[in-house]
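**Student:** below are the sequence and a predicted model for it; my questions follow.
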Amino acid sequence: MSNQALDLFNERLPRKPYFTDELQFGVRIAGKERAILAKYIQFNQPHAMFWLGFDVDRPGAAIDWSDRNAPAPTLTIMNPENGHAHLLYALKTAVRTAPDGKIKPLKYAAAVERALCQKLDADTGYSGLICKNPNHDHWQLAVWQPELYTLDWLADSLDLNAANDKKIVADYGLGRNCTLFDKTRKWAYRAIRQGWPEYEQWLKACYERACAYNLKFATPLDENEVSGIAKSIANWIYKNFTEHSFNDYVVRTHTSEIQSVRGRKGGRVSKGGGRKSSPTSNENVKPWCKEGISRSTFYERKRKCHKSH
């Protein structure tokens, strides 16, 4: 069973993961064959989240999830010296984090992640980029749940109410990725139309904008993650959102026939709208009818009376 979980972990590794042997010296990037020998390794792919990972910094972290009535992790990777551990939950279907991914599943995954973090009392400052490498002899590996999770299965045993707080979701774990991705992507769709810049200039602009958004988090994401999000957005939009494709979209969606239909729909929607008139207003009371005169005559007399005063 342990070998199956380890095989799954290795199968899902990025082609070129970040890795390190000493956290204080930062991370490097290399092919999977080299990175898999390190003590710490990137466990999710750049555009797909196959694992929900948590950092629990207390003795007994590999087993006390049961005392907290939390779902069993797929595997735990424990430091035998202090009992601290990384807990990984394998997802049956990866959550797509690429710029063309849908934001709703990403937000749902962020809510599940946040609720599970609270249940486990895990470190809220953990970025989720790298974890203890279960292939390394320095750590102790344990497998608890061989079946792959769906987000719904995890959610069944969690309270998502706290995770529905936008402020909490936006400032933790995948929520930070979700927020940074969403804000930068929305900005990028507008920004690229301001001159259609060359790629290097465009990549720099996306990175600077993502960094600015990232600094607003209480615990900012790692620079490598910010760079990855900015680069993926820059690449996708630069490739798929060209001046030609945008002009073609405008031509297809702003013909005189389509605009005419939109105008008629707008007229029907707005008819009878606006501010409601008072029951005692002239338009409702119609005082000109009582006086036996026309509406225009009534207002003309009222105007002359007002001028004489």
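**Tutor:** Received, thanks. Numbers count the residues shown, from 1 in each chain.
**Student:** and A205, what element?
**Tutor:** helix 199-214 (DSSP states H and E).
**Student:** what is the mean pLDDT for that helix?
**Tutor:** Helix 199-214 carries an average pLDDT of 95.
**Student:** need the next SSE after the least confident helix or strand in the chain by mean pLDDT, C-terminal direction.
**Tutor:** Of all helical and strand segments in the chain, the minimum by mean pLDDT, DSSP states H and E falls on helix 166-170, at a mean of 55. The helix or strand immediately downstream of helix 166-170 is helix 173-191, counting by DSSP H and E.
**Student:** coming back round to it: the helix or strand following the helix holding A205 packs against which elements?
**Tutor:** Scanning forward in sequence from helix 199-214 by DSSP H and E, the next helix or strand is helix 223-240. Under the contact definition 3 or more C-beta pairs under 8 Å, 6 or more residues apart in numbering; DSSP states H and E, helix 223-240 sits against helix 173-191, helix 199-214. (Each C-beta comes from the backbone N, C-alpha and C, glycine too.)
**Student:** mind listing what's buried along helix 223-240?
**Tutor:** 224-230, 232-238 (16 or more other C-beta atoms under 10 Å).
**Student:** centroid residue for this protein?
**Tutor:** C178 (1.8 Å; C-alpha atoms, centre = their mean).
**Student:** looking at this protein, which strand is longest?
**Tutor:** Ranked by number of residues, the top strand in the chain under DSSP state E is strand 85-96.
**Student:** let me know the average pLDDT across that one.
**Tutor:** Here strand 85-96 scores 95 as its mean pLDDT.
**Student:** just stretch 239-251 next, same as before
**Tutor:** On average, stretch 239-251 scores 75.
**Student:** quick one: contacts of that stretch?
**Tutor:** Residues from elsewhere that reach stretch 239-251, judged by C-beta atoms under 8 Å, 6 or more residues apart in numbering: 100, 189, 192-193, 196.
**Student:** E225 and P287: what is the separation?
**Tutor:** 70 Å (C-beta to C-beta, to the nearest Å).
**Student:** again with W236
**Tutor:** Distance from W236 to P287, by C-beta to C-beta: 65 Å.
**Student:** once you drop chain neighbours, what's closest to K132?
**Tutor:** Once flanking residues are discounted, K132 sits nearest to I77: 4.1 Å by C-beta to C-beta, 6 or more residues apart in numbering.
**Student:** coming back round to it: the helix holding A205 to helix 223-240, inter-axis angle?
**Tutor:** Put simply, helix 199-214 runs at 130 degrees to helix 223-240, going by axes from the mean of the first three to the mean of the last three C-alpha atoms, to 10 degrees.
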